[in-house]
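>>> sequence plus the predicted model coming up.
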Amino acid sequence: MKFYIKQQPFSWHERFTIRDEKGRDVLAAESELISPGAKLHLLDMSGREIGLIHQQLLGWRPRYRVEINGRQAGFVVRRFALAGSRFDFDGLGWVAEGTFGSHDFTVYDQERVVMTVRKARLSW
């Protein structure tokens with residue numbers, strides 16, 4: 001199944017809708033404007049929060065706490081990589097590798113691809 005994300009350009013904070021292959025809205029995501037550490041809220045289409053990704057500020061490496069339906073599901077931790085970036089999903093055993101600033105990365109479970117993210121340029 002494919003999902004599509006369309007960000008709103010020129011916004012003070014990120015807000016975007018996630019759509020399925022048929023163009024139906026399935027999730028919304030928004031970041032907090034003023035927050036100690038980055039926070040991204042995942043919402044169902046009725047506006048109920050179903051997930052939260054929150055940056056932990058103390059530590060040597062970027063680390064993000066993941067909550068699903070109010071319960072801690074694990075952490076995403078940035079690891080050293082020779083090229084690009086690498087994030088480990090502690091608790092799931094997944095690894096994400098690629099160029100995150102360019103929205104070009106792949107998430108793996110062992111050798112199996114779980115998800116691939118590619119950014120379309122200037123699509124309206």
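Yep, it's here.

>>> quick check: which element contains the residue nearest to Ile18 when sequence neighbours are not counted?
Nearest residue to Ile18 in three dimensions, chain neighbours excluded: Leu27, at 4.1 Å (CB to CB, 6 or more residues apart in numbering). Every C-beta, even on glycine, is put in place using the N, C-alpha and C of the backbone. Leu27 is part of strand 25-31, with elements assigned from DSSP states H and E.

>>> what residues does that strand touch?
With contacts defined as CB atoms under 8 Å, 6 or more residues apart in numbering, strand 25-31 is touched by 3, 5, 13-20, 38-45, 47, 50.

>>> where does this structure dip in pLDDT?
1, 6-13, 81, 100-103, 120-124 (pLDDT under 70).

>>> please enumerate the strands of it.
3-7, 15-20, 25-31, 39-43, 49-56, 63-68, 71-79, 85-90, 94-99, 104-109, 112-118 (DSSP state E).

>>> list the buried residues for the third one?
Residues of strand 25-31 classed as buried: 27-31 (neighbour count, 16 or more other CB atoms under 10 Å).

>>> what does the longest one give?
Along strand 71-79, these residues count as buried under the neighbour rule (16+ other CB under 10 Å): 74-78.

>>> can you check the fourth one too?
Taking 16+ other CB under 10 Å as the neighbour-count basis, strand 39-43 is seen to contain the buried residues 39-43.

>>> okay then, goodbye and thanks.
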